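Asks: quick one, what's the 3D model for this:
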Amino acid sequence: MWLLLVVLLSQTPEPPAARAEARRLFVQGEKEFASGAVAAAESSFRQSFSLLPLPATAFNLARCAQQTNATAAAIGWYRRYLRLAPAADDRAQVEAALAAQNKRLAARGVQALTLFLSPAGATARVDDGAPVRDGATLELAPGPHQVVVSGDGLVTSQLEVNLSLAASSEIAVTLVPPSLPAGVAGFAELPSRVSPPPADVPARDEVKPVQRRELPTFDATAPPVVVSKQPKAKPHRFKFAWVGLGVTGAAVLTGLISGLVAFANSTQLTDGTLRDRMTATSLRDSALTSATVANGSWIAAGVLAVATSITFGVEW
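Replies: Numbers count the residues shown, from 1 in each chain. Coordinates of the predicted model:
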């Protein structure tokens, strides 16, 4: 089974002696694994990871655990690998291998919960069980579970995790000192789940070893990216009031024009000029229609004016 090589050791912040020892242990683990001594290889990789937590080492530990049917441990190390190398180009393959391990646990009626805890020294208890440390992966029955994370000189964090049988979950909790403002008692990422494996994903170890080229190393000293907040645009005031004002103005203008037309027709009817019956009737009908439209427009303008005044007061 192909194992990963440690890359870019010179870019890590650990002392040179620690890097050299981590590399020696990693190479030793490779040789042990190749000879079939999986337990010894796992021990070497664990020691290497404690000195230098590289994604490649986490991946090899996942393969060691998978080789010895330690399903929960394999899930935990695969999840650790994906956290250390979130942009890994073989992420889809790793998630397929992870899904296969999820399926194995689901067949037994249990599922895995991986705990990522910080700072160093923080411990967690799940359902009042024994305390566990960062990276612990537990096999639990599906359903709600109480998680309490504590540490010396840190504010205890309590949360509930609802574990699904379909896929394993992970939570990451960072504790804070009590000197922070009241109400800040640590924060926890919501459980992230891997989607249930498709029907054609093998349930056991038929998943082929993930092939790797080179992995970027996790640089814990990189400064955080600060995203500047853009000022929120203020909403427009009097939005509906201005609309009402415009409609009111239109009603006033319509009433004014209609009133002038009615006045002009009425003046022609009463100016003493002799007209035939049809012309007189047309002038009368036009005057009455224009007068009706004018009266309706003035009434509508009055109602709209009141409504617009109320709208101005509401939107002020």
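Asks: please count neighbours and contacts with C-alpha atoms only from this point.
Replies: Will do.
Asks: residues touching G76, list them.
Replies: G76 makes contact with 62, 114, 135-137, according to C-alpha atoms under 8 Å, 6 or more residues apart in numbering.
Asks: next one: A141
Replies: Residues in contact with A141 (C-alpha under 8 Å, 6+ apart) are 109-111, 163, 165.
Asks: any low-confidence regions in the stretch 1-150 of the chain?
Replies: For the stretch 1-150 of the chain, applying pLDDT under 70 flags the ranges 1-14.
Asks: ranges for the helices of it?
Replies: 16-34, 38-51, 55-67, 71-84, 91-107 (DSSP state H, counting those that start in this stretch).
Asks: any chance of those in JSON lines with distance to P177 as columns?
Replies: Shown next, in JSON lines, are the helices of the stretch 1-150 of the chain (distance: least, C-alpha to C-alpha, whole Å):
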{"stretch": "helix 16-34", "distance to P177": "30"}
{"stretch": "helix 38-51", "distance to P177": "25"}
{"stretch": "helix 55-67", "distance to P177": "29"}
{"stretch": "helix 71-84", "distance to P177": "25"}
{"stretch": "helix 91-107", "distance to P177": "35"}
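Asks: looking at the ones you listed, which is closest to G153?
Replies: helix 38-51 (23.9 Å; C-alpha to C-alpha).
Asks: what's next to the closest one, contact-wise?
Replies: 14, 18-19, 21-23, 25-26, 28-33, 57-58, 60-61, 64-65, 67-68.
Asks: next, count neighbours for the closest residue to D127 other than its chain neighbours.
Replies: The shortest distance from D127 to any non-neighbouring residue, by C-alpha to C-alpha, 6 or more residues apart in numbering, is to Q146 (5.1 Å). Look at Q146: counted by other C-alpha atoms under 10 Å, it has 13 neighbours.
Asks: next: the one 3 residues further on.
Replies: Summarising burial for V149: neighbours were counted as other C-alpha under 10 Å, giving 25.
Asks: what's the answer for the one 3 residues further on, then?
Replies: Per other C-alpha under 10 Å, the neighbour tally for D152 reads 10.
Asks: out of the contacts of A141, who's the most crowded?
Replies: Q111 (28 neighbours).
Asks: I figured that one hits G143, correct?
Replies: No - Q111 is not in contact with G143 according to C-alpha atoms under 8 Å; the separation is 9.9 Å.
Asks: joint contacts of these two?
Replies: By C-alpha under 8 Å, 6+ apart, the residues touching both Q111 and G143 are 163-164.
Asks: tell me the contacts of the residue nearest to D127?
Replies: By C-alpha under 8 Å, 6+ apart, the neighbours of Q146 are 126-128, 158-161.
Asks: tabulate the residues you listed (CSV), appending distance to A251.
Replies: Output for the contacts of Q146, formatted as CSV (distance: C-alpha to C-alpha, whole Å):
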residue, distance to A251
V126, 71
D127, 72
D128, 74
Q158, 64
L159, 62
E160, 62
V161, 63
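Asks: dump the residues you listed into TSV; add neighbour count as well.
Replies: Shown next, in TSV, are the contacts of Q146 (neighbours: other C-alpha atoms under 10 Å):
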residue	neighbour count
V126	20
D127	12
D128	11
Q158	17
L159	14
E160	12
V161	18
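Asks: now, which of those sits nearest A92?
Replies: Among the contacts of Q146, V161 lies closest to A92 (C-alpha to C-alpha), at 25.6 Å.
Asks: which SS class is that closest one?
Replies: strand (DSSP: H, G, I helix; E, B strand; the rest coil).
Asks: how about the strands in the stretch 151-300 of the chain?
Replies: 157-163, 169-174, 187-188, 192-193 (DSSP state E, counting those that start in this stretch).
Asks: quick one: those strands as a markdown table, columns for distance to S43 too.
Replies: Output for the strands of the stretch 151-300 of the chain, formatted as a markdown table (distance: least, C-alpha to C-alpha, whole Å):
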| stretch | distance to S43 |
| --- | --- |
| strand 157-163 | 30 |
| strand 169-174 | 24 |
| strand 187-188 | 31 |
| strand 192-193 | 29 |
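Asks: OK, contacts around T123?
Replies: Taking C-alpha under 8 Å, 6+ apart, one finds 117, 131-134, 149-151 in contact with T123.
Asks: one more time with 7 Å
Replies: 131-133, 149-151 (C-alpha atoms under 7 Å, 6 or more residues apart in numbering).
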